[in-house]
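# build the 3D model from these lines:
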Amino acid sequence: MSEEPPTRDAATRPGEGAGEPRGLRPGDEFAGYRIEAELGRGGMGVVYRARHLALDRECALKVIAADLAADERFVERFRREARLAASIDHPNVVPVYDAGEEGGAPFIAMRLIPGEDLAALVRREGPLELGRAGRIVRQLAAGLDAAHARGLVHRDVKPHNVLIERGPDGERAYITDFGIGRFSDAPTELTSTGEFLGSPDYVAPEQIEGASSDHRADVYSLAAVAYCLLAGAEPFAGRSEAAKLVAHCKAERPRPSRERAQLPMAVDRVIARGMAIHPARRFGTAGEFARALEQALAGHTRRQAIAGTALILAVLGAVAAAIILTAPDPKQRPVPEVRVTPIRTGAGPVALARGDERMWVANRNGGSITGIDPRRHRRDRSIELGEGVRPVSIEVAFGSVWVADRAGGAVLRVDADEGREPVAIPVGAEPSDLVAGPRNLWVAVEGEPALLRVDPEANAVDATVRLDDPPNSVAYSDGYVWAVSPEAGTLARVDARARGAAEVVELGGRTNDVAIAHGMAWVTDNEAGTVRAVDAETLAPVGKPIEVGARPRGIAAGARWVWVAVAGEDAVVRIDGPRARVRGRPVRVGREPADVALGFDSGWTANFEAGTVSRIRFPNPPARPPAGAGG
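Numbering: from 1, shown residues only. Sure, this is the predicted structure:
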């Protein structure tokens, strides 16, 4: 079991404090076990390291809380499901040694697993390496399928209920709390009726709605755990518990590629199917889900290897013709059936962000934000931000819309569906851009110059990274914050976890926007009319600048394509990311496109002078892997 600091002052003696976990001290004897230490506690009970006196065997002993012990329905179900859990013999399920009652207190004894739980691992390390994530999910799936074959559904699969043991043969993942998973360890995890249903971060929709559930509820939760391993945060992170429950039942399925840009759409599709709202649309077994995920991740690794080899050969000149970086070729055939739909917004649309149900636009001249319904191609929400507000950037994260107000030196948090006044968070002189990481918001402030980290729980700046040059644009990927400075022509990389000094590469020109994908940082040069590819690991520029046209203003990257808004051409250009070359002709949009974003199977541009947003769709791309969700 994972060890947590004891909370001795919170302990109670047996029989004290109705509704609180029973408290035992080291040296106490309970049901034939000697208590050695407290490992952790929650709303369901307390877990101890204990020793079985007759067998002289160390174990993890979970003693159930007094209020649950008084519920006869719970006790009967606990007895039945504990027996089933004890019958599971699988290398990825924590073995159950014993279960019973002592003095009216139900208990369960399990093998003591040295190591930490999966939640602690992700908190410490962030998103896991892709192959490692796939292996852990495969092991968990095997354990779940073994339980399902015996008619046992866990109902509370989550990182806290997964233990990681390290040995000479590598890592082994164990599922724990089988048979009692329907009853969460956290007292906050309750429905309005008071019934425990599992963690609001990983629970299946049918459990939330009180409908009958089967093994496919565990498939849903396993897919949500896989999302956490790949993205570094739970699905629908940053929302209230009530909002999370609604999101599981109604929101668009979470996409790990939004947090980790190099992930392909194939991974998004596997997660979306695993987390399908309707059980019939999910994978039939946990093993099917795990195999599909590993195949998607393996395909990504193969593509990376092929792309890396191609770039090396390009440097050597062996296959220069195959991967040469080129300008748009007027003789190329256009991508067929490109559809561009203009949508009227406020005055001076300058930035875009995708939300769960709509695209959001920041209107610089109008001091407002606009929500666009992608199904009806029209505005469905307009929010005035206040007199004197000058929006320059927008992001959707943590259940809110966030706006950088350059004039006010603040970031505004807007709860679009609540009707409350925006919350202003002071950040300093001239904020220029913002981006969300898994747990925080990062803000580029030109006047400082610095990158500021905002805690969405406290609505306050909690960390500052000083830069040598004023940052204009920021991006986030894989635990790093990236920033470009037009004045210095530089690209900076900051480790978001260490928050140390920035690593800087000088590119020259006027670097004004950046996106991360395909193992590269893609940097626009507003002065030269080019995009530079920079190796995201070594920070070495790769190949020659890619010519895209006069005054590129914005850049966004998906699973395959890198999209560039070219203001001087009133157009969008797409770069084939793995091949690092422009493909197709420029797509004409509105006047002066200032930003580009991806979402709802489309690319979107904010056309500053035209006062419009353009939606760009490629319904029938050439005979290559589909671009999918704008990617």
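
# looking at this, Leu55 is in a helix?
No. Leu55 is assigned coil when assessed by DSSP: H, G, I helix; E, B strand; the rest coil, not a helix.

# how near is it to Gly238?
47 Å (C-beta to C-beta, to the nearest Å). Glycine gets a C-beta too; all of them are placed from N, C-alpha and C.

# and these two? Which one has more around it.
Between Leu55 and Gly238, counting by other C-beta atoms under 10 Å, Gly238 is the more crowded of the two (19 against 11).

# list the contacts of the more buried one.
Neighbouring residues of Gly238 by C-beta atoms under 8 Å, 6 or more residues apart in numbering: 397-400, 439, 456.

# out of the residues you listed, what pair is the most spread apart?
Ser400 and Arg439 (14.2 Å; C-beta to C-beta).

# more neighbours: which of these two?
Using other C-beta under 10 Å, the more surrounded residue of Ser400 and Arg439 is Ser400, with 23 against 18.

# what does the model give the more buried one for pLDDT?
Ser400 carries a pLDDT score of 90 in this model.

# do the same with Arg303
Looking at Arg303, its pLDDT reads 49.

# show me the chain divided up by domain.
8-110, 116-300, 325-617 (automatic domain parsing).

# which ones among the contacts of Gly238 lie within strands?
When the contacts of Gly238 are checked against strands (DSSP state E), the matches are 397, 400.

# need the contacts of Gly238 in a markdown table with distance to Val596, can you?
Listed next are the contacts of Gly238 as a markdown table, based on distance: C-beta to C-beta, whole Å:
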| residue | distance to Val596 |
| --- | --- |
| Ala397 | 19 |
| Phe398 | 23 |
| Gly399 | 25 |
| Ser400 | 23 |
| Arg439 | 26 |
| Pro456 | 25 |
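
# who are the neighbours in contact with Glu357?
251-252, 373.

# and the pLDDT at the spatially most central residue of the chain?
Central residue of the chain (C-alpha atoms, centre = their mean): Ala231, 3.7 Å from the mean position. At Ala231, the model reports a pLDDT of 88.

# how about Arg13?
38.

# distance between the ends of stretch 438-456?
11 Å (C-alpha to C-alpha, to the nearest Å).

# buried set for it?
438-446, 448-454, 456 (16 or more other C-beta atoms under 10 Å).

# next one: stretch 285-296
Buried, per 16+ other C-beta under 10 Å, within stretch 285-296: 285-294, 296.

# quick one: average confidence on it?
Here stretch 285-296 scores 95 as its mean pLDDT.

# any idea how far the host helix or strand of Leu452 is from the chain center?
Counting by DSSP states H and E, the element that carries Leu452 is strand 450-455. Relative to its parent chain, strand 450-455 has a centroid offset of 19 Å by C-alpha atoms, centre = their mean, to the nearest Å.

# for Gln139, what is the enclosing helix or strand?
Element membership of Gln139, judged by DSSP H and E, is helix 130-149.

# distance between the ends of stretch 154-169?
27 Å.

# repeat that for stretch 207-219.
13 Å.

# for stretch 230-243, same thing?
With C-alpha to C-alpha as the measure, stretch 230-243 spans 22 Å from end to end.

# cool, stretch 149-161 as well?
Start-to-end span of stretch 149-161 (C-alpha to C-alpha) is 20 Å.

# could you give the average pLDDT over it?
Throughout stretch 149-161, pLDDT has a mean value of 89.

# from the chain's centre, how far out does that stretch sit?
Distance, centroid of stretch 149-161 to centroid of chain: 23 Å (C-alpha atoms, centre = their mean).

# number of residues surrounding Ala298?
14.

# tell me the SS of it?
Three-state call for Ala298 (three-state DSSP): helix.

# may I see the buried residues of stretch 605-619?
605-608, 610-618.

# of these, which belong to strands?
If you go by DSSP E, those have 605-607, 612-617 in strands.

# which residue ranges form the helices in the stretch 1-150 of the chain?
66-69, 72-86, 118-125, 130-149 (DSSP state H, counting those that start in this stretch).

# winner for burial among these?
Of all these, helix 130-149 has the most neighbours on average by mean count of other C-beta atoms under 10 Å, namely a mean of 21.

# chain center to it: distance?
20 Å.

# what's the angle between that helix and helix 72-86?
Helix 130-149 and helix 72-86 meet at an angle of 110 degrees, taking axes from the mean of the first three to the mean of the last three C-alpha atoms, to 10 degrees as the criterion.

# from the contact counts, what lies against helix 130-149?
When contacts are defined as 3 or more C-beta pairs under 8 Å, 6 or more residues apart in numbering; DSSP states H and E, helix 130-149 sits against strand 162-167, strand 170-175, helix 216-231, helix 286-316.

# quick one, that helix and helix 216-231 angle?
Going by the same axes, to 10 degrees, helix 130-149 is angled at 170 degrees with respect to helix 216-231.

# dump stretch 468-479 to PDB, restricted to CA.
Output of stretch 468-479 as PDB, limited to C-alpha atoms (Å, rounded to 0.1, in the frame of the first residue of the first chain):
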ATOM      1  CA  ASP A 468      15.500  38.500 -20.500                       C
ATOM      2  CA  ASP A 469      13.200  39.500 -23.300                       C
ATOM      3  CA  PRO A 470       9.500  40.600 -23.400                       C
ATOM      4  CA  PRO A 471       7.400  37.500 -24.300                       C
ATOM      5  CA  ASN A 472       4.700  37.900 -26.900                       C
ATOM      6  CA  SER A 473       3.200  34.400 -27.200                       C
ATOM      7  CA  VAL A 474       3.200  31.300 -25.100                       C
ATOM      8  CA  ALA A 475       2.500  27.600 -25.600                       C
ATOM      9  CA  TYR A 476       2.400  24.500 -23.300                       C
ATOM     10  CA  SER A 477       3.300  20.900 -23.900                       C
ATOM     11  CA  ASP A 478       4.700  18.000 -21.900                       C
ATOM     12  CA  GLY A 479       5.600  20.000 -18.700                       C
END
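
# can you pull out the helices in the stretch 351-500 of the chain?
For the stretch 351-500 of the chain, no helices are identified by DSSP H, counting those that start in this stretch.

# show me where it has its strands.
359-363, 368-373, 378-384, 391-397, 400-405, 410-414, 423-426, 431-436, 441-445, 450-455, 460-466, 473-477, 480-485, 490-495 (DSSP state E, counting those that start in this stretch).

# which other residues reach the second one?
Defining contact as C-beta under 8 Å, 6+ apart, one finds that strand 368-373 is touched by 343, 345-346, 349, 355, 357-363, 378-385, 391, 394, 401, 403, 414, 416, 613.

# of those, just the buried ones, ChimeraX syntax please.
A single ChimeraX command selects the buried members of the contacts of strand 368-373 (16+ other C-beta under 10 Å):
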select :343,345,346,349,355,357,358,359,360,361,362,363,379,381,383,385,391,394,401,403,414,416,613
